[in-house]
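Asker: build me a model:
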Amino acid sequence: MTLNNKVTQLLKAVSVVAIALVSFSVNADDKVYRLTLAETWNANTPILGDASKNMAKLANEMSNGRLQIRIDSANKHKSPFGVFDMVRSGQYDLGHSSSYYWKGKVPNTLYFSSMPFGMMSTEQYAWFYRGGGMELMQEVYSPFNLLSFPGGNSDIQMGGWFKKEINSLEDLKGLKMRIPGFAGEVFARVGASPTNIAPGEMYTALERGTIDALEWVGPAFDLRMGFQNIAPFYYTAWHEPGSETQFLVNKKKWESLPADLRAILETAFRVAAFDMYVQAIDANAKAWQQMLQENPDIKVKTFPDEVMNAMRVANRELLAEMAADDEQAKRIIESQASYLKTVRAWTDISTKAYLDISDSE
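Answerer: Numbers count the residues shown, from 1 in each chain. The predicted model follows:
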């Protein structure tokens, strides 16, 4: 065999191997990963439900169809507050919910939604991505085979709908109110009786007198629920200045995905979260105008100083107790307090100062 023939055969062999490797690579890259997501919200819940759909669409498009996510709403899986366990166990790969719903299971999860008298949305996002919040959140969730990512912010939340006006602390004694998270603990400390009720059951509970008041989100979310037709007193914010939802991920499933798909999924989470925040601001503004037109007798109220001062004291006491009882809670609380002190000094001379002198006419 001549040298030229040997070279020719060698080149053919290399070519065959190269084609095989390319073929294998293409086939590997073309593998479709089908994931399932359980959300706390019922089907077609505006804004909250849009975040999941938007994320799934983004993931599919950015991966060229390699990531396909099926979304099951609460009215399908029948367990709105079971999302934590369903994703943890692998029954679902992903979840969309809110971190403070799990405080009964894992108390330190509640800090990653929104805290009374705490950070506003923009401040909290800065804490998550620049102030160590993400690392603390993964530390809390990781032992439960879970990862958690910011899932969209509904912005500042109103203080709730009340059937009767609150004029003093005495008016809160025994008041039955749907209010989850740390705010519920604060309300309990000042004499109220907080409870958590699934979104789909809230209107009926308020209408039938099972509860006397409730907080949900804000005009865009509350309008279609009809709370304004039952409870005319609408109280301003104090308890959730920047309420963050979450994308939960089964950690084992996450680790089984190729690195590029993990990056795509995380990017889809982040973009969908931002879109939800923008959507919430726009929708709340428009829904509030509609509410005022359709229900001109809505009475916007701020809790009296006596109540606000008592809740501030209760909030500080509860945080101190939780920090004393749990080293991890202490680190989270101190991280948030430290970051809030830093970022609020800037907010005060920028956003707040501007709002004080701006003209919206």
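Asker: I'd like to know how far residue 185 sits from residue 346.
Answerer: Per CB to CB, to the nearest Å, residue 185 is found 29 Å from residue 346. C-beta: built from backbone N, CA, C; applies to glycine.
Asker: just want to know which of these two has more residues nearby.
Answerer: A direct count of neighbours by other CB atoms under 10 Å for residue 185 and residue 346 places residue 185 higher, at 20 against 12.
Asker: please tell me the pLDDT value assigned to the nearest residue to that one once chain neighbours are set aside.
Answerer: Leaving aside its sequence neighbours, residue 185 sits nearest to residue 318 (CB to CB, 6 or more residues apart in numbering; 5.6 Å). Per-residue pLDDT puts residue 318 at 96.
Asker: likewise for residue 48?
Answerer: Residue 48 carries a pLDDT value of 94.
Asker: shouldn't it be in contact with residue 55?
Answerer: No - with contact defined as CB atoms under 8 Å, residue 48 does not reach residue 55; the gap is 11.9 Å.
Asker: identify the contacts common to the two.
Answerer: Common contacts of residue 48 and residue 55 (CB atoms under 8 Å, 6 or more residues apart in numbering): residue 96.
Asker: tell me which of these two has more neighbours.
Answerer: Set residue 48 next to residue 55 and count neighbours by other CB under 10 Å: residue 55 wins out with 29 against 23.
Asker: that one and residue 220, how far apart?
Answerer: For residue 55, the distance to residue 220 - CB to CB - is 19 Å.
Asker: same deal with residue 206?
Answerer: 18 Å.
Asker: okay, the two: which has more neighbours?
Answerer: residue 206 (26 against 23).
Asker: can you give me the pLDDT of that one?
Answerer: pLDDT, read off for residue 206, is 95.
Asker: identify the residues contacting the residue positioned nearest the centre of the chain.
Answerer: Nearest to the geometric centre of the chain sits residue 245, at 0.5 Å (CA atoms, centre = their mean). Residue 245 makes contacts with 48, 51, 96-98, 113, 150-154, 273, 276, as judged by CB under 8 Å, 6+ apart.
Asker: got the residues you listed as JSON lines, with distance to residue 64 and secondary structure columns?
Answerer: Formatted as JSON lines, the contacts of residue 245 follow (distance: CB to CB, whole Å; DSSP: H, G, I helix; E, B strand; the rest coil):
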{"residue": "48", "distance to residue 64": "28", "secondary structure": "helix"}
{"residue": "51", "distance to residue 64": "22", "secondary structure": "helix"}
{"residue": "96", "distance to residue 64": "23", "secondary structure": "strand"}
{"residue": "97", "distance to residue 64": "29", "secondary structure": "strand"}
{"residue": "98", "distance to residue 64": "31", "secondary structure": "coil"}
{"residue": "113", "distance to residue 64": "34", "secondary structure": "coil"}
{"residue": "150", "distance to residue 64": "25", "secondary structure": "strand"}
{"residue": "151", "distance to residue 64": "24", "secondary structure": "strand"}
{"residue": "152", "distance to residue 64": "25", "secondary structure": "strand"}
{"residue": "153", "distance to residue 64": "29", "secondary structure": "strand"}
{"residue": "154", "distance to residue 64": "32", "secondary structure": "coil"}
{"residue": "273", "distance to residue 64": "23", "secondary structure": "helix"}
{"residue": "276", "distance to residue 64": "24", "secondary structure": "helix"}
